[in-house]
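[1] Output the structure for:
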Amino acid sequence: MNISLTPELEQFVQQKVNSGMYTSASEVIRESLRLLYIQDDLQSQKIEQLNQAIELGMQQLSEGKKISAEASYERLKKKIDSIAKDNK
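    As a prediction, this is how the structure comes out:
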């Protein structure tokens, strides 16, 4: 398989090889693809968790278990604020 890289990506790969962390450009590319595979898998897991949460919410709604829009907004705001705080 042959691949073409932009000059910037080619330079990045060469920098990784020159750093001594990798022995070849192929090794850099293989590691990059492994990381992409992991990232894709994590994304799929997050989507599955979101779908399960939506399904649970829909089930609770059909059972009459609901909260007001204001309460929902406050809970969501607190969650977003917590995430933002953790990411600082």
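[2] For this structure, which segments count as helices?
    7-18, 25-62, 69-86 (DSSP state H).
[3] Comparing those helices, which yields the minimum mean pLDDT?
    Per-stretch mean pLDDT for the helices of the chain is lowest at helix 69-86 (a mean of 92).
[4] Contacts for that one next, please.
    With CB atoms under 8 Å, 6 or more residues apart in numbering as the test, helix 69-86 has contacts from residue 67. Every C-beta, even on glycine, is put in place using the N, C-alpha and C of the backbone.
[5] And it, how far out from the chain middle?
    Counting by CA atoms, centre = their mean, to the nearest Å, helix 69-86 is centred 20 Å from the centre of its parent chain.
[6] can you check stretch 3-23 too?
    24 Å.
[7] tell me how far the ends of it are from each other?
    Here the two ends of stretch 3-23 are set 19 Å apart, with distance taken as CA to CA, to the nearest Å.
[8] List the buried residues of that stretch.
    13, 16, 22 (16 or more other CB atoms under 10 Å).
[9] Now do it: everything it contacts.
    With CB under 8 Å, 6+ apart, stretch 3-23 has contacts from 24-25, 27-29, 31.
[10] which one of the residues you listed has the most neighbours?
    residue 28 (19 neighbours; other CB atoms under 10 Å).
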